[in-house]
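> Give me coordinates for this.
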Amino acid sequence: MYLLDTNIISYWMRDDKRVIGRIKKHAPVDLSLSTISSVIILSPLLVLIGILVRLKIGSPVLFKQVRPGLHARPFVIYKFRMMADKRDGDGNLLHARFA
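Below you'll find the model as predicted:
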């Protein structure tokens, strides 16, 4: 028996207000659960990046920057500090190497 022959697929494919209402109710729950799970999964990687930046470049690990957003409305972005600001004797920037 094929899946398309069942009533389940035809039920979910119909344009019914009850089905659309259920999808709208579940979307915020799905978004919040996926956000929480991705933060939990990625947090060890973010900690590792923070440790590497601290060891190679120093502190602070994060820096804050204000950028223009939609309709030139400013928003704040937090980023890992990946560039060194150390200079050699001639005033040229020294590159930090993550090797």
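> what comes up buried for the helix or strand residue 31 falls within?
Using DSSP states H and E, the element containing residue 31 is helix 17-56. Buried residues in helix 17-56, counted by 16 or more other CB atoms under 10 Å: residue 53. Where C-beta positions appear, they are placed from N, C-alpha and C, glycine not excepted.
> Remind me what it packs against, helices and strands.
strand 74-80 (3 or more CB pairs under 8 Å, 6 or more residues apart in numbering; DSSP states H and E).
> What pairs with the strand or helix carrying residue 64, parallel or antiparallel?
Assigned by DSSP H and E, residue 64 belongs to strand 62-68. Applying DSSP bridges, strand 62-68 is found paired with strand 74-80 (antiparallel).
> got the CA positions of the partner strand in CSV?
Provided in CSV are the C-alpha atoms of strand 74-80 (Å, rounded to 0.1, in the frame of the first residue of the first chain):
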residue,chain,number,x,y,z
PRO,A,74,20.8,50.6,14.7
PHE,A,75,21.2,47.2,16.4
VAL,A,76,23.9,45.7,18.5
ILE,A,77,25.9,42.7,17.4
TYR,A,78,28.3,40.7,19.6
LYS,A,79,31.2,39.0,17.8
PHE,A,80,34.2,36.9,18.7
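> could you give the angle of that strand to helix 17-56?
Angle between the axes of strand 74-80 and helix 17-56 is 50 degrees (criterion: axes from the mean of the first three to the mean of the last three CA atoms, to 10 degrees).
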